[in-house]
Structure formats: structure tokens, C-alpha cells
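Engineer: have a look at this prediction, sequence included:
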Amino acid sequence: MFNKKKFFASLLVAVLLISTLVGCSTETTNTGNTGNTGNTESTGNADNKDNNSDEKKDYKIVLVLPGPINDQGWNATAYEGLQLVEKDLGIKMEYIESVQQADFEAVFTDYGERKYDLVFAHGTQFYDAAIKVAPNYPDTFYMVINSETGQAPNVGGIGVREWEGGYVAGALAAHYTETKQMGAIGSFPFPVIAGTLDAFEAAAQEYDPSIKVTKTYVNSWEDIQKGKETGLAMAEAGADVIFCSANQVGLGSIDAAKEKGVKAVGYISPQNDVAPETVISSVTYNNAVLFKATVEQLVAGTLKPEGTSLGWADGILDMQWADGVSDEVKDYVNQTIERLKNGEIENPYKGE
């Protein structure tokens, strides 16, 4: 005999089971980038919906990094930008770490094929690959951080005036050298890096013309041991203050300074706590605001394929003072910063 109660009970269970399975199948899964060296990760909520408003567009955005997010430097500041976008805008971003130069084009192609809305490339070294790949994927915008140029229709650049950071680092370091010899380490002799080291030297010699700066390029962004070896060699040759603009390499140079009992200037990310007795203070980047501003432009439909250049006057650079810095040193450095903001100091880099 047909039992209506049992039938409807069974039907209800079946409906609930199907609803559960459908709900599970719609969760966002980040499968990553197959066939290249990084690991794709994401943070934040599984969807980009605002419960108090209409459904919003689910933007596909990824941050491509040349190093790890825990480098206490260049890549760490970019990850802070990712977190700011998710916190303030409610838009999820993915990231992929430690992408090697040989894989740049493949990674950009992969995200273009997958129709990502925005690809952040964190470093000037990504620019050539971006302008090569981008024309094939006009619906994907490639934003290169630390590049001051763009290319229509879909490559932009946000250049940080790193030479201004180097100049302030030099003005600070000049107060601490007793040997009148300092070391400046760069990753590669790219104009932006060479300009930073030249500015460090120019500022130091403006304070004291007798100061000599030894500049060396290690041809790496991540070789911490190379940074330490270079820093040790500089200290053994008489340098008593060391500055480094080379991402993770800088951690090695700070370690060398600590071992040799000399001083170091923190750069890009707050590094005072890396070696409190060694790091004088840190010249830092507020990179996070660059990412938020770019995503806001994407959402507003105002993102343009052009380059821009930002520095102290734009709030992109900052000082993280360590304990024990005298008011005299702070006053001199702050005056230097004000001169940069007012355009009173020219970029000393003249190229090759």
C-alpha cells in the first residue's frame, strides 16, 4: 500500500541532499598555475558578495611575485597590498610566489588564457614580458609595479621613485660612518636600481664630500648568502655602513653587518627588528596603497595603459625610526625629505 508520509519524507531527504551537493560544487577553488615554479594562493572569503547590496562582479586578480611573501622586504610589502584590497574593498586576490624570469611569459600567458581581469607584476623586471604577452589578451590588464611606462591598450606601470628612497638612506647613513667608507649593494644594474645606489652616494657626499661609496651588483633578488658574502667583503675592506636594494639579498647584507659589528640601513620594509643593534633605521615603501588604488580604478573602469611615478610627495615613501636616533640626525633627514617633496633635489642618475 502506498504510504504518502514515507514518500514525502524520502523526497524531502533527496531534495536536501541535492541542495547540499550543488552548494558544495559552487565553492571557489584555486587550482594554481600548472607548469611553472610558483604556488598560487589566495586569502579572504570564498566569494565577493556583499550581503547588504546587489551581487557584485567577481574580479579575477592575481599578484605575481619574484620572491616569497616573507622576505621582510619588497615582496612582503606587495602582500600587504593584497591584504588591504581584500580588507577595504572586499575583493579577493590570488598570488604566486618566487616566479623566475624564465617563466614570466608563460605565467602571463596562463592568466591571459584564463581571462583574468588584472595581473599585478611586482617589479620592473617583468615589463618586457608584459608588453610582449599583453597584446594577445586585450581583456586582461597587466600592471607592472616599479615601471614608469605603460603600453596601450592594456599595460600600465606604477613607478616608485626609488632614487628618492636611496637619497634619504644616504643622508641617514652619512651620519654614522667613521671610516668614511660605505657599501651599497644592488640586485641588477637596471636604471631604477643603479639610480638608487647613485642617489645613496650623492646624498652621503652632499653631507660629507670625503665619504666614498663602493657599489656592487650581485645579479640576484633572492640570494641571501650572496648578500652576506658581499656585505662581509665590504666590511673587511673598511665600509662601516652597508645599504642594499636587492629584495631578499638585503637580509644577507644586514646579517653581514651584524657579524662584523658595522651598521646597516633597512630598506623597503621595516627591518629595524631584523638586527636592532645593527639597523640604524629603515626607509620604507607604502606599496599597499598602490594596489588598492589600482583595483579601485579597475572597478571604476578608469584604469589606463600609462605609467606614473610616485615618491615622498605622494606618501609612498616613509621613515621607520629605530631607537636611539638623535634629534639632530632626524632633523637633517627630515629636511632632506622636505627638499625632495618640494622638487629641490634632482635625480643624480645619468645612465651609462
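Structural biologist: All right, it came through fine.
Engineer: may I see the buried residues of whichever helix or strand residue 291 is part of?
Structural biologist: Using DSSP states H and E, residue 291 maps to helix 288-300. In terms of neighbour count (16 or more other CB atoms under 10 Å), helix 288-300 has its buried residues at 288, 289, 290, 291, 292, 294, 295, 297, 298, 299. Bear in mind the C-beta positions are built from the backbone N, C-alpha and C, glycine included.
Engineer: one more: stretch 60-79?
Structural biologist: Buried-residue list, stretch 60-79, by 16+ other CB under 10 Å: 60-69, 71-79.
Engineer: just stretch 331-348 next, same as before
Structural biologist: 332, 333, 336, 337, 340, 341, 345, 348.
Engineer: give the contact list for the closest residue to residue 113 other than its chain neighbours.
Structural biologist: Excluding its sequence neighbours, the residue lying closest to residue 113 (CB to CB, 6 or more residues apart in numbering) is residue 137, at 7.5 Å. When contacts are counted by CB atoms under 8 Å, 6 or more residues apart in numbering, residue 137 touches 109, 112, 113, 115, 154.
Engineer: contacts for the helix holding residue 291, please.
Structural biologist: Counting by CB under 8 Å, 6+ apart, 57, 59, 61, 63, 77-78, 80-85, 88-89, 91, 93, 117-118, 120, 141, 143, 145, 156, 158, 160, 303-304, 310, 315-316 sit against helix 288-300.
Engineer: all strands of the stretch 1-150 of the chain, in order?
Structural biologist: Under the criterion DSSP state E, counting those that start in this stretch, strands of the stretch 1-150 of the chain are mapped to 40-42, 61-64, 94-96, 118-122, 141-145.
Engineer: mean pLDDT lowest where, among those strands?
Structural biologist: Here the lowest mean pLDDT among those goes to strand 40-42, at a mean of 44.
Engineer: related to what we said a few turns ago, can I get the strands of the stretch 1-150 of the chain in CSV including distance to residue 201?
Structural biologist: Putting the strands of the stretch 1-150 of the chain into CSV (distance: least, CB to CB, whole Å) gives the following:
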stretch, distance to residue 201
strand 40-42, 39
strand 61-64, 32
strand 94-96, 35
strand 118-122, 26
strand 141-145, 25
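Engineer: among those strands, which comes closest to residue 227?
Structural biologist: When the strands of the stretch 1-150 of the chain are compared by CB to CB, strand 118-122 sits nearest residue 227, at 19.3 Å.
Engineer: restricting to C-alpha, output the closest one in CSV.
Structural biologist: Taking Å, rounded to 0.1, in the frame of the first residue of the first chain, the C-alpha atoms of strand 118-122 are listed here in CSV:
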residue,chain,number,x,y,z
LEU,A,118,44.1,42.2,-13.7
VAL,A,119,47.6,40.8,-13.3
PHE,A,120,49.9,42.7,-10.9
ALA,A,121,53.6,42.1,-11.8
HIS,A,122,55.7,43.2,-8.8
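Engineer: please consider this matter closed, and thank you.
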